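Q: Here is my input, please return the structure:
(2 chains)
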Amino acid sequence: METILSLKNIVKVYPNGVVANKGINIDVEKNTIHAIVGENGAGKSTLMKIIFGEETPQEGEIYYKGKRVHIKNSLEAIAMGIGMIHQHLMLAPELTVAENLILGTEPVKWKLFLDKKKIMEKTESACKSFGFEVPLNKKVKDLPVGTKQRIEILKVLIRNAELIILDEPTSVLTPQETEVLFKSLRELKAKGKTIIFISHKLKEVKQIADRVTIIRDGKDIATEDANKLSEHQIAELMVGREISFERIEKPKSIGEPLLRVENLHYVNDENIHILKDISFEVRRGEILGMAGVEGNGQTELVEILTGLRAATSGRILIKGTEITNLSPREIREKKVAHIPEDRMENGVAEKSSIEENIIVDRYYKKPFSKNSFLNWKYIGNHTTKLIKDFNILAQSSKTPISALSGGNIQKVVVARELSSDPELIIADQPTRGIDVGSEEMVHALLKEARDRGIAVFLVSADLDEILKVATRILVIYNGKIVAEFENNESITQEKLGPYMLGVTTKEEGSTNKPLSTEQKEV
Amino acid sequence: MEKFIVKYFNLIRTIIAVLIGVVISILIIFIISKNPGYSLKTFFLGPLLTKGRFGDFIEQASPIILCGLAIAIPFQAEQFNIGAEGALFIGAAVGTAFAVSTHMPTILHITSVLLVAGITGAIWGFIPGFLKAKWKTDELVISLMMNYVAYFLGLYLINYYFRDKSAGFLVSYQLPKTAWLAQFIPGMRIHVGVIISFVIAILTYYFLYHTTKGYEIRVTGINKNFAKFGGINVFMVIVISQVIGGFLAGLGGMTEVMGLHRRFNWQMSPGYGWDGVVVAIIGRNNPIFIIFAALFLSYLRTGGQVLNLLSDIPSEMVIAIKSIIILLITAEAFLEKFKYRITIREAKRREALDESDS
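A: Below is the predicted model:
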């Protein structure tokens, strides 16, 4: 086999002093799908940015097709035949699909005007030759995320990429959409392309990859044929210790309802009906999971429950007391903890120290402060204890959040929320973008909270997570609750998927129609 | 060494920026002065050479410190209220009006005049603050416009109702002696207001870093969404931070009138509020650093005044130096490459240590 890309002893230090890569060696063989796995903060994304010319390494050598190269920027990488699909898609939402596809290489008339005819010809022929079907005349903003991702891939192909890097491509997709993506990737491989696939979903890695490299703490731990390693082995190599993947055991006893939501509606500023008649309850000692593709109203629902957004109508009750549209502090005083969806946006103040982040919900209470004066000594000890209890990798309680990795930042958030003595925990995507080790810890903590009689409301787009920890499952689609299940062995991803896509509705009951609109398009 | 540089990088960068500003001003003096040696000496040593000038140097720092704090507190809450100049002016004008129309025993008179001036300044902070919190208006624009309102309103009040017609200039009546802040060192114009400003700076430091309200202000400034999420009343913080700022600026204007001039004699805006913006930036909104930044600026101001008096260099020189220093300090990328190189070396050393440990 021929080696297309070879990385030798790559070292990368960021301006803030974080050493992301500590001497990484990888050989990628031509015409293979090569998966790179590792915990968050292990250095995968940095490595990919180096290959794509977005970051420059301090040490090490890159060989592409046998020649030593210095890739200074992404334009050079594209010219060499390297393409990258970022985790967060980079398309211009107001332009049509065709315009997005040829952006940067667009044909022009008289050096001034876009040649619309040529644009269509060019993009149509590209679609045909790669076997991709996308609605060329539609605006990108009107398309589902799976289609957008295919546009990104097509964009890279049009630029004659031979080596395609995909950074966690499945994190925004439903199981059905993931299947479609994998089909495309296999076809591309058949056409002679090489694919680097970054993920921390190991099931997918096993499914799609020929070779797999495991990265831990900035170093390459192992590179193997994917079929020689089991999912479990890969996971243990990633975290460097033993871990479990089992569904957690059922709660022994479930108490009375703690949170009740009655006929909740929310209409936003643009007069769009985001939440439609949402009613449910969360009982003490259970974890209620809410599954759904992102953007179906979950964000708004959680913000309304926690006082960050006002409901249009309906009622929210905790232990029978109405809390609808109270302030965040008033709701927190009712012993509600909130692990937010976007930890950098809502969960932490990045430039502040860990201790200043820990006290945000309790600084005004004794003994954290007395007569308006903060007791930094107590706060420091309190934080140091939490750092130890929650296994946060940090030098001290005064370390700024910005010096921590994603997983450790999430541990700070979780430490704060779980140490607030809650009776209800609202966890919105609590493990998104964090590594297997931290994820396992968060799940264990939620289970432990549940067993102490705390009611847990878990919102997640990750079905593995929902199936692993939830006691009951609600599925939300387009602002409505479309299904409810007791979680047991008979519930599978395939069963939930169609509800999440709105293909099967509540009325149709158990008749599974797994065909998605996504698949029809292909 | 590397660790030291990374840790104190901002301080080092500020010092280097100041030094570059000084070097450039030396060059300018050499180019335009007929007697550069003498001009340099008067500019850089002038404030130290006589007792009176040294007193002026310390005295002038006082309103700059208070205005620096007045700017820094809203800045810490990420509120770009630059209305210190207006709050100072209107605070002093209304305070003067109150002082000359009332009769009280000394202590009571001084406190009540200071309170009136402070509260007037606080109203000047409240308006942009409330409008921002309620309707998301731009506090920068509103506070800037309110500076003009304060200027003309203040002049109208003094020149039409409290003008001392017996004086040869456009000035207010002299303040009754019961409202004077004493100058307590013979031969120097240092007055009680100077002590007040230093004490307030230290109190502000404790307020910002050791009280719950100060914490709310800082957290809101770093991440407003996070503050809201944690239960902090962001609306209140936005308003309060600007009200406190306005109060301190009003105090800064009034102490200057009560301690130095003893009457309202500003027909032009004195510019302390703008110097406040400068020292807040140089001092990175930290009250303790602001004291030093204000002393530095008032040294330049005094040196510039001496220079204007005794040599062929205009005092506008000082403005040029100030501008260069601010430019270098606010340029985020200045010396950033140098820091990056040091960071890499430091990180590698740390890694090597880790390796040998394990």
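
Q: which residues touch whichever residue of the stretch 1-150 of chain B sits closest to chain A?
A: Going by CB to the nearest CB, chain A is nearest to B:Val6 of the stretch 1-150 of chain B, at 6.9 Å. (C-beta placed from N, C-alpha, C; glycine too.) By CB atoms under 8 Å, 6 or more residues apart in numbering or on different chains, B:Val6 lies in contact with A:17, B:339, B:342-343, B:346.

Q: Reformat the residues you listed into CSV and put pLDDT next to each item.
A: Putting these into CSV (pLDDT from 0 to 100) gives the following:
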residue, pLDDT
A:Gly17, 73
B:Lys339, 74
B:Ile342, 75
B:Thr343, 74
B:Glu346, 73
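
Q: Could you provide those residues in TSV, with additional columns for neighbour count, distance to A:Asn271 and secondary structure?
A: Putting those into TSV (neighbours: other CB atoms under 10 Å in any protein chain shown; distance: CB to CB, whole Å; DSSP: H, G, I helix; E, B strand; the rest coil) gives the following:
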residue	neighbour count	distance to A:Asn271	secondary structure
A:Gly17	16	48	coil
B:Lys339	19	50	helix
B:Ile342	19	55	helix
B:Thr343	20	50	helix
B:Glu346	19	55	helix
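
Q: how does the chain divide up, domain by domain?
A: All of this refers to chain A. Per the record, chain A has its domains at A:3-239, A:247-335+A:422-522, A:344-421, by automatic domain parsing.

Q: my question was about chain B
A: Taking automatic domain parsing as the reference, chain B has its domains at B:1-33+B:314-358, B:55-312.

Q: so where's the stretch 201-350 of chain B shaky on pLDDT?
A: In the predicted model of the stretch 201-350 of chain B, residues B:332-334, B:350 satisfy pLDDT under 70.

Q: average pLDDT for the strand or helix carrying B:Ala117?
A: Assigned by DSSP states H and E, B:Ala117 belongs to helix B:106-135. Mean pLDDT, helix B:106-135: 96.

Q: Mind listing what's buried along that helix?
A: B:109-110, B:112-133 (16 or more other CB atoms under 10 Å in any protein chain shown).

Q: Phi and psi next, for the residue of the stretch 1-150 of chain B closest to chain A.
A: Backbone geometry at B:Val6, expressed as degrees, to the nearest 10, gives phi -60, psi -40.

Q: same thing with A:Arg284?
A: Dihedral angles (degrees, to the nearest 10) for A:Arg284: phi -60, psi 140.

Q: helix or strand for B:Arg301, which one?
A: Counting by DSSP H and E, B:Arg301 is part of helix B:287-310.

Q: other SSEs contacting that helix?
A: Using 3 or more CB pairs under 8 Å, 6 or more residues apart in numbering or on different chains; DSSP states H and E, the elements in contact with helix B:287-310 are helix B:36-49, helix B:51-76, helix B:192-210, helix B:272-282, helix B:317-330.

Q: ok so, going back, output the domains of chain A as JSON lines; include the columns distance to B:Pro105.
A: Shown next, in JSON lines, are the domains of chain A (distance: least, CB to CB, whole Å):
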{"stretch": "domain A:3-239", "distance to B:Pro105": "59"}
{"stretch": "domain A:247-335+A:422-522", "distance to B:Pro105": "45"}
{"stretch": "domain A:344-421", "distance to B:Pro105": "32"}
